[in-house]
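One predicted model, sequence on top.
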2 protein chains.
Amino acid sequence: MDFLSVLILVLMFLIRYNMTMADGNSMCHSGNDLNLGSVRDSLIRQEDTIVFSLIERARYPVNSRLYNQTLGLISGFSGSLVQFIVKETEAIQAKAGRYENPEETPFFPNDLPPPLVPTHKYPQVLHLAAASVNMNEDIWDMYFNKLLPLFVAEGDDGNYASTAASDLNCLQALSRRIHYGKFVAEVKYREAPQDYEPLIRAKDRDGLMSLLTFKNVEEMVKKRVAKKAMVFGQEVTVGNYSSENYKVDPSIVSNLYSEWVMPLTKLVEVEYLLRRLD
Amino acid sequence: MDFLSVLILVLMFLIRYNMTMADGNSMCHSGNDLNLGSVRDSLIRQEDTIVFSLIERARYPVNSRLYNQTLGLISGFSGSLVQFIVKETEAIQAKAGRYENPEETPFFPNDLPPPLVPTHKYPQVLHLAAASVNMNEDIWDMYFNKLLPLFVAEGDDGNYASTAASDLNCLQALSRRIHYGKFVAEVKYREAPQDYEPLIRAKDRDGLMSLLTFKNVEEMVKKRVAKKAMVFGQEVTVGNYSSENYKVDPSIVSNLYSEWVMPLTKLVEVEYLLRRLD
């Protein structure tokens, strides 16, 4: 058993008995206290956010008019209604400083307005040359073209604005989780630079990927997110009756993690590490 | 036992064994199939949304700079940063047709832009003269000045945009739930107009309020939302360990319902009914 595995086991124990996230503290951390424990706390807490956001999106049917590129619904804007809503909402959030936080990555990074308000000074935890990794195009494609059809009902109920707001919550939660790979990579790199540097210098993507892969941890994450989909997506009644009718199929959430969230996170980690010595 | 109580019991049974909301259908309904069952389904499903939104807001500390009226952070806008973000986000959602849905009520109804896209034809279920009841000023005050300080941690982590987006989710979920009183009132009125008309003509608010009050139902709702706060706010692990450390105190959610959500809903119902014969 290597050092990292022991560290992970110790941290799992600590997380289990000291769930500081339950106190409502934020996910941002100063550069000094970045460690695998705080990173794992955040990843675990973000699972809840992702499951909540999927359950909320499932309140609406697919509402496919939102995603039609060719309807030309909005004069002066070429794109779908959901692109319009996400772009405009990101612009407002940028004015309030959202993208000053290195944990947040915009889907429409071009032409974002600057913050209108004095912003928080986030500690510079990430390596500057590597911090700009942005996989949101892949996340957008995965979410709309692969994930969404799996868990929403057919049909159109006209709630385009609410549906798009739910889509944005899902996209932002997935994007934050996947780009959190930058923090994962940074903390892993700092723990054992000697393991990473030769692979980075050799641009050995496969070597980095295998160094970042822990099958047993991934299996546990898959089980945990499926359980979260069951717990959060059940019909809660005052009595002991419990429904098997989950609002989002737990196996879809488990597959979301194994097929997309974890592979894309590791891709972010690899991309980040490849720029870590620049 | 009166007819309405029997009806409620039958519907509770039906809801228990036929939770159609689990299939991801929407909450909107055609005028023809509006009934106490569909209304109750929607109210129960909306509890989940409210609890999720509070849990998500609790990820951030209070971040009180968002709420300061006097900082004058944004040139050309007099108000707090959260007012700016909510107003601007509502404007985008209005362009996508959000407020065409009679279930949605804006916090900043003045100067809302018209929809940019062809909108869904919602069936006209509500009585036109009564549909415009808007209690959002009270809901805004309740949320920011009474509820929020009860369940978020002290402090400032700089995540103003994300915090405001979470506030907006809470506000919209609470507003939708409370204004759903219009549908509750409409369906109750249709079931027994002879009970309501004399009280409406006499403008007897107290009489209407007591006709709309079912203490045992309210007690059950309080218990159910507290249980939802426990179930959705627990730390979920792969093992059987379960934490008593809920992300939002269940008694706060229970009190939110008994002190604000249910009384404000009944106020919406009374205001709606007072205009029902106009």
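Sure thing, it's come through.

got any ranges where chain A has weak pLDDT?
Within chain A, the stretches with pLDDT under 70 are A:1-33, A:71-73, A:241-243.

and if we set it to 50?
For chain A, applying pLDDT under 50 flags the ranges A:7, A:10-31.

Please, where are all the helices along it?
For chain A, the helices defined by DSSP state H occupy A:3-17, A:36-57, A:81-95, A:136-141, A:148-151, A:160-179, A:181-191, A:193-201, A:205-211, A:215-233, A:250-255, A:262-274.

Distance from the fourth one to the middle of the chain?
The reference is to helix A:136-141. 11 Å (C-alpha atoms, centre = their mean, to the nearest Å).

Go through it and flag the buried ones.
For helix A:136-141, burial by neighbour count (16 or more other C-beta atoms under 10 Å in any protein chain shown) applies to A:136, A:139, A:140. No exception for glycine: its C-beta is placed from N, CA and C like everyone else's.

Just the residues contacting that helix, thanks.
A:105, A:106, A:107, A:109, A:171, A:174, A:175, A:178, A:264 (C-beta atoms under 8 Å, 6 or more residues apart in numbering or on different chains).

Find the residue closest to the spatially most central residue of chain A in space, skipping its chain neighbours.
The centroid of chain A falls nearest to residue A:177 when counting by C-alpha atoms, centre = their mean (2.2 Å). Leaving out its chain neighbours, the residue that sits closest to residue A:177 by C-beta to C-beta, 6 or more residues apart in numbering or on different chains is residue A:46, at 4.7 Å.

tally of neighbours for that neighbour?
21 (other C-beta atoms under 10 Å in any protein chain shown).

Quick check: it touching residue A:179?
No: between residue A:46 and residue A:179 there is no contact under C-beta atoms under 8 Å: 10.8 Å.

For residue A:38, see how far away the residue nearest to the centre of chain A is.
According to C-beta to C-beta, to the nearest Å, residue A:177 stands 15 Å off from residue A:38.

cool, and residue A:65?
For residue A:65 relative to residue A:38 (C-beta to C-beta), the value is 42 Å.

Just the buried ones among the contacts of helix A:136-141, please.
Using 16+ other C-beta under 10 Å, the buried ones in the contacts of helix A:136-141 are A:105, A:106, A:107, A:171, A:174, A:175, A:178, A:264.

could those residues go into a markdown table alongside distance to chain B?
Converted to a markdown table, the buried ones among the contacts of helix A:136-141 look like this (distance: C-beta to the nearest C-beta, whole Å):
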| residue | distance to chain B |
| --- | --- |
| A:105 | 13 |
| A:106 | 11 |
| A:107 | 14 |
| A:171 | 12 |
| A:174 | 15 |
| A:175 | 12 |
| A:178 | 17 |
| A:264 | 21 |
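
Most widely separated two among those residues?
Across the buried ones among the contacts of helix A:136-141, the longest distance by C-beta to C-beta is 16.7 Å; it joins A:106 and A:264.

Kindly provide the distance from residue A:46 to residue B:237.
15 Å.

for residue A:104, same thing?
In terms of C-beta to C-beta, residue A:104 sits 28 Å off from residue B:237.

Leaving out the residues flanking it, which one is nearest to whichever residue of the stretch 151-278 of chain A sits closest to chain B?
Closest approach between the stretch 151-278 of chain A and chain B, counting by C-beta to the nearest C-beta: residue A:158, at 2.2 Å. Leaving aside its sequence neighbours, residue A:158 sits nearest to residue B:120 (C-beta to C-beta, 6+ apart; 2.2 Å).

Quick one: neighbours of the closest residue to residue A:231 other than its chain neighbours, just the number.
Leaving aside its chain neighbours, residue A:231 sits nearest to residue B:236 (5.2 Å; criterion: C-beta to C-beta, 6+ apart). By the criterion of other C-beta under 10 Å, residue B:236 has 21 neighbours.

Residue A:36 too?
If we define neighbours as other C-beta under 10 Å, then residue A:36 has 18 of them.

That one against residue A:190, yeah?
No: using C-beta under 8 Å, residue A:36 is not in contact with residue A:190; the gap is 9.6 Å.

what is in contact with those two at once?
By C-beta under 8 Å, 6+ apart, no residue touches both residue A:36 and residue A:190.

and the spatially closest residue to residue A:190 that is not a sequence neighbour, how far is that from chain B?
In space, and not counting its chain neighbours, residue A:190 is closest to residue A:34: 8.0 Å by C-beta to C-beta, 6+ apart. Here the distance between residue A:34 and chain B works out to 15 Å (C-beta to the nearest C-beta, to the nearest Å).

Residue A:42 too?
10 Å.

Please consider this matter closed, and thank you.
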